[in-house]
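**Q** Pasted the sequence and its predicted model underneath.
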Amino acid sequence: MPQKRCFLGLHIGHDRAITVADDTTIIFHTAVERLDRKKHSDSFHLPVEEIKKVLLYLNVDLSELKGVCISYLAVDASRVAETLEASFRDAFPEFDGKFSALDHHLAHALGAKVCSGFDEAMVIVADGAGDQRLWGSQSETIYHVSSDTFYLLDERVQSPPLTYVNRPEFYDPSYFRPDDQERQISLGLKYEQITYLCGFGPGQAGQTMALAAFGKPLFDYRNMLPKDLSFSLRYTDFLREFEALARADGLSLIQFAKARRSDIAATYQAYLSDALSAIVKDALDRFPSKRVCFSGGLFLNCLSNRRLHDEHPDRELFFFPACNDEGQSIGTAAYAYWQEHSKLPRRPKEFPYLGREFSDAECEAALNSLDLQYNRLSDDALLDRLVGLLSAGNIVGLLRGRSECGPRALGHRSILADPRSMESKRRLDEGIKRRAEFRPYAPMILKERYGEITDFGESAPHMLVTASVKPSERDRIPSVVHVDGSTRVQTVGSNDDPWLRDLLERFNARTGVPVLVNTSFNDEVQPMVDSPSDAINVFRSTDLDVLVLGNCLHLRRG
């Protein structure tokens, strides 16, 4: 019997991640934060213990590991490959396969292409920063990727960063040196600048996106819009304009930002949507393609993603749900596979559910270890019980099946609630997620009913585009409607998870609403849960009413 052959993909930096491919496809992926329980798992070290845990879970011996590939952040991958290889072989001396390091943006691009299922595609990558270049670092790039070839079509490079991004030297021009005024910055890092200016912290760009709905643009930015990737975007752009408005009000920039942060967020959000629209149009004019993939953290921005959908109805667009740095390990695993097979692996059938799964016996053991009472039910009985509990206003923490890839919960590590009352949102905000009231929650919707409820009728299985809820429907599902009438949706179709679909159908039959609130199963400080013990910990520290682990149902008692 031939020996099993596997390929390991890694990403280190922030949002470290681990992916494994076999001789056919991607078979496993997880963000390291799901295992080490450190949000964003930010480290330049290899996640050695987590790699061992994954290989043990998959029953993969190091002798079966034929290739390892790794990506990093703000380095030149080709220059540090030897150092990274030495670190890996020191940690895993039994490994005798091939080791390589991959360019940051190419890792984004390969991961997106593999998971899209397209034979070939143009891939547009935009994030805060990628690998080093001679005079700076990657900011926005365009690739062509097919099943067996990939190459760079165009690239924009930004200046080296001024300082640590969470220091005022990054977002307050009064700290800038005179020779820093013309330094170039990426669209994504500019979004971080605006995020910090609005008073938020690392990893909180989603709050800026939510806040934008409450404001209006403060000035006409059209002369700053790009035509292609040769555009200029300086560290001081937007900041100087806001500073001038602040002076007119007799305020410092920081005082102005506190008073007008929703308008500041709205200004850059509007610019970003216009800028990405122009860049994608130019790319398609120069490099015509019927299929386009999008990766890099900037494409977690659902508002600009929706606009791109609307502007290119004749193209097949794929927004990669693991477009943040976590998804790079899928690209590095694909590259390790390509080095052996001269082609990329095929799209995994289970995508986007590529993480760990726990049996009912494992779920029962976790509950029993803490003397928690539960009922183990059949699928049918569990569905009926949940529909009754949800429709009565209970909020449910759900862990079933393999965990999702990417930062958005898609029904396997989710908190679910009834969308028909604002009480669900209030309880989520105050006692479970403990987050700002202005941040919206997302719905899970039966795909065929999506067009009846919103202005967008296409599939949106990965919660990466916004839709406008029709005015006639807004009062029926207020918990998932943002202040501007929008919602960030996950559609569930006939080819998606059958258990989730059955749950939505039964909830619709009971209530007349084919929608559930769906948010990630975590609180304000922890990453999304991955294991039964993670789920129990969050359940016990929040005001959740119901815990579902596999087919085991536990109710909070009095």
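**A** Yep, it's here.

**Q** what about residue 462, is that helix, strand or coil?
**A** Look at residue 462: counting by DSSP: H, G, I helix; E, B strand; the rest coil, its state is coil.

**Q** What distance do you get for the nearest residue in space to it that is not next to it in sequence to residue 406?
**A** Closest residue in space to residue 462, ignoring its immediate chain neighbours: residue 321 at 3.9 Å, by CB to CB, 6 or more residues apart in numbering. (C-beta placed from N, C-alpha, C; glycine too.) From residue 321 across to residue 406, the span is 4 Å (CB to CB, to the nearest Å).

**Q** Give me the contact list for the helix or strand hosting residue 398.
**A** Applying DSSP states H and E as the criterion places residue 398 in strand 396-399. Residues outside strand 396-399 that contact it (CB atoms under 8 Å, 6 or more residues apart in numbering) are 358, 363, 386, 389-390, 411-417, 521, 529, 531-532, 535, 538-539, 544-550.

**Q** Equivalent analysis for stretch 224-234, please.
**A** So stretch 224-234 is contacted by 140, 142, 154-156, 181-187, 190, 237, 271, 274-275, 278-279, 282-283, 286 (CB under 8 Å, 6+ apart).

**Q** Same question for stretch 177-189.
**A** Residues outside stretch 177-189 that contact it (CB under 8 Å, 6+ apart): 126-129, 136, 139-140, 156-159, 161-162, 165, 193, 232-237, 272, 275-276, 296-298.

**Q** okay but residue 444 is in contact with residue 500, surely?
**A** Yes - with contacts counted by CB atoms under 8 Å, residue 444 reaches residue 500, the gap being 7.1 Å.

**Q** what do the two both touch?
**A** Joint contacts of residue 444 and residue 500 (CB under 8 Å, 6+ apart) are 411, 492.

**Q** which intervals of the chain have sub-threshold pLDDT?
**A** Per-residue confidence for the chain (pLDDT under 70) gives these ranges: 1-2, 161-166, 558.

**Q** Just want the most central residue of it.
**A** The chain has residue 407 as the residue nearest its centroid, 3.8 Å off, counting by CA atoms, centre = their mean.

**Q** Does it touch residue 327 like I think?
**A** No - applying CB under 8 Å as the test, residue 407 and residue 327 come out as separate, 9.8 Å apart.

**Q** Of the contacts of stretch 224-234, which belong to helices?
**A** 187, 190, 271, 274-275, 278-279, 282-283, 286 (DSSP state H).

**Q** Any chance of JSON lines for those residues, columns neighbour count?
**A** Formatted as JSON lines, those follow (neighbours: other CB atoms under 10 Å):
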{"residue": "187", "neighbour count": "26"}
{"residue": "190", "neighbour count": "25"}
{"residue": "271", "neighbour count": "23"}
{"residue": "274", "neighbour count": "17"}
{"residue": "275", "neighbour count": "22"}
{"residue": "278", "neighbour count": "15"}
{"residue": "279", "neighbour count": "24"}
{"residue": "282", "neighbour count": "18"}
{"residue": "283", "neighbour count": "20"}
{"residue": "286", "neighbour count": "13"}
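
**Q** Quick check: the farthest pair among those?
**A** 190 and 286 (23.7 Å; CB to CB).

**Q** re the thing from before, and residue 444 and residue 500? which has more neighbours close in?
**A** residue 444 (27 against 23; other CB atoms under 10 Å).

**Q** which SS class is that one?
**A** From three-state DSSP, the assignment for residue 444 is strand.

**Q** Which residue comes closest to it once chain neighbours are left out?
**A** Closest to residue 444 by CB to CB, 6+ apart is residue 518, at 4.1 Å.

**Q** so is that neighbour in a helix, a strand, or just coil?
**A** Following three-state DSSP, the label given to residue 518 is strand.

**Q** As a check, name the ranges of all strands in the stretch 401-550 of the chain.
**A** 413-417, 442-446, 466-468, 486-488, 490-492, 515-520, 546-549 (DSSP state E, counting those that start in this stretch).

**Q** Out of these, which gets nearest to residue 210?
**A** strand 486-488 (9.5 Å).

**Q** If you count contacts, what does the closest one end up packed against?
**A** With contacts taken as 3 or more CB pairs under 8 Å, 6 or more residues apart in numbering; DSSP states H and E, strand 486-488 sits against strand 442-446, strand 466-468.

**Q** gap between that strand and the chain center?
**A** 16 Å (CA atoms, centre = their mean, to the nearest Å).

**Q** when you give positions from now on, start the count at 28
**A** Sure, I'll start counting at 28 from here, so that last one is strand 513-515.

**Q** Okay, now the sheet partners of that strand, with direction.
**A** Take DSSP bridges as the rule and strand 513-515 pairs in its sheet with strand 493-495 (antiparallel).
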